[in-house]
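**Student:** Show me how the following folds:
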Amino acid sequence: MDSSAFASDIDAYLAYLDLERGLARNTRENYQRDLEQCAAFVAGRGAPDWRAVGPEHAAAWIRSLSRGAASSQARKLTALRMFAQFMVRERLRPDDFTELLSGPKPARRLPESLSVAEVGRLLASPSGGDPAALRDRGLLELFYSSGLRVSELAALNLQQVDLKNGFARVFGKGSKERVVPMGERARDALGAWITSGRPHFVKARTRSELFLSSRGTSLSRVGLWGIVKKHAKRAGITKSVKPHLLRHSFATHLLSGGADLRSIQEMLGHASISTTQIYTAVEGKRLLDQHARFHPRNREK
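**Tutor:** The predicted structure follows:
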């Protein structure tokens, strides 16, 4: 059976990965191949599209991979699970057809983050007092100060931001509301944007969106990503800077500064502490790197 009917959902998922997850290009391309391979397999088993794929189809595909390397099997299973969860979250189907699947567990990749100095250069990039600079400075300061997801940042409106008390109310995954704090610099930058910058972007159709495009509408996730990339390039940052990198940097820097892991979990909106614990591994690696570079016994010939 032709598997072309599966392509549009895969494309939507890949766009989500680009904007939300900040995955490396090779990982994204691997996931694309994995899903296309799965689509061809389940189409051959009679499924006309992803909405008709059941647990038995997914299990049969995983069994067909049993001769491959464990790391490859684990990645393919991860790709399919993440895709199935995406479909449920986007209401493309009501159930997760991978929920009962099991397979080899992949090693968790440590999230990359910017150094404090790199973040400083990034936040200093939008210079001047023109409306676009005020917007970009407010956006980047809030992004790093609060560790928001790019989708949460794009969805913010004026009523969700309390500059006086220094917090924002955001709706994360599963429409769960949480309160996230913001630092003084973020409050100052947002205040300047709201009072002096945002009025220049307002058009007849503008509503209460916090960050506006030149058309007077809410900045899209693609637009936000473009702003981050533009200022990272101006700041001379050579890492692949995607919006999620600021979220990772937020968490890593808080942990380095001594913040409690449970507090970081709450601020990030993670449902499980195990998701947040990955940042302890990042901090551990940083300490090992520092020890290797600077301890005198390591520098001896």
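**Student:** A strand includes Ser8, no?
**Tutor:** No. Under DSSP: H, G, I helix; E, B strand; the rest coil, Ser8 falls outside any strand and is assigned helix.
**Student:** Tell me, how many residues neighbour it?
**Tutor:** By the criterion of other Cβ atoms under 10 Å, Ser8 has 11 neighbours. From N, CA and C alone the C-beta is placed, and that goes for glycine too.
**Student:** And for Gly236?
**Tutor:** Look at Gly236: counted by other Cβ under 10 Å, it has 10 neighbours.
**Student:** again with Pro131
**Tutor:** Residues near Pro131, counting by other Cβ under 10 Å, number 17.
**Student:** and it, what pLDDT?
**Tutor:** In this model, Pro131 is scored at 97, pLDDT.
**Student:** residue contacts, it?
**Tutor:** Contact analysis of Pro131 by Cβ atoms under 8 Å, 6 or more residues apart in numbering lists Ser196, Gly197, Arg198, His200, Phe201.
**Student:** The first one - nearest residue in space that isn't next to it in sequence?
**Tutor:** When you say that, I think you mean Ser196. Leaving aside its sequence neighbours, Ser196 sits nearest to Leu134 (Cβ to Cβ, 6 or more residues apart in numbering; 6.0 Å).
**Student:** surely that neighbour meets Ala192?
**Tutor:** Yes. With contact defined as Cβ atoms under 8 Å, Leu134 reaches Ala192; the gap is 5.3 Å.
**Student:** When these two are compared, which one has more neighbours?
**Tutor:** Between Leu134 and Ala192, Leu134 has the larger neighbour count (other Cβ under 10 Å), namely 24 against 18.
**Student:** how far away is that one from Leu210?
**Tutor:** 13 Å (Cβ to Cβ, to the nearest Å).
**Student:** Just among the contacts of Pro131, which is most surrounded?
**Tutor:** Busiest of the contacts of Pro131 [other Cβ under 10 Å] is Gly197, holding 23 neighbours.
**Student:** from memory that residue sits against Gly128, does it?
**Tutor:** No. Look at Gly197 against Gly128 with Cβ under 8 Å: they stay out of range, at 10.9 Å.
**Student:** Quickly list what's touching both of these two.
**Tutor:** Counting by Cβ under 8 Å, 6+ apart, nothing touches both Gly197 and Gly128.
**Student:** Could you count how many residues lie near the closest residue to Asp18 other than its chain neighbours?
**Tutor:** Sequence neighbours aside, Arg28 is the residue nearest to Asp18 in space, at 7.0 Å (criterion: Cβ to Cβ, 6+ apart). Look at Arg28: counted by other Cβ under 10 Å, it has 16 neighbours.
**Student:** OK, contacts around Arg28?
**Tutor:** Arg28 neighbours (Cβ under 8 Å, 6+ apart): Leu14, Leu17, Asp18.
**Student:** So which of the residues you listed sit within strands?
**Tutor:** Judged by DSSP state E, strands contain none of those.
**Student:** mind putting those residues in CSV, pLDDT and distance to Arg91 included?
**Tutor:** Output for these, formatted as CSV (pLDDT from 0 to 100; distance: Cβ to Cβ, whole Å):
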residue, pLDDT, distance to Arg91
Leu14, 91, 18
Leu17, 86, 18
Asp18, 82, 21
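**Student:** Quick check: the gap between Asp9 and Arg89.
**Tutor:** For Asp9 relative to Arg89 (Cβ to Cβ), the value is 13 Å.
**Student:** Run through the strands of the stretch 101-250 of the chain in chain order.
**Tutor:** 161-162, 167-171, 177-181 (DSSP state E, counting those that start in this stretch).
**Student:** which one of these has the most crowded surroundings?
**Tutor:** Comparing the strands of the stretch 101-250 of the chain by mean neighbour count (mean count of other Cβ atoms under 10 Å), strand 167-171 ranks first with a mean of 18.
**Student:** how big is the angle separating that strand from strand 177-181?
**Tutor:** If you take axes from the mean of the first three to the mean of the last three Cα atoms, to 10 degrees, strand 167-171 sits at 150 degrees to strand 177-181.
**Student:** Specify the stretch among the strands of the stretch 101-250 of the chain that is closest to Asp96.
**Tutor:** Shortest distance between Asp96 and the strands of the stretch 101-250 of the chain, using Cβ to Cβ, is found for strand 167-171: 21.5 Å.
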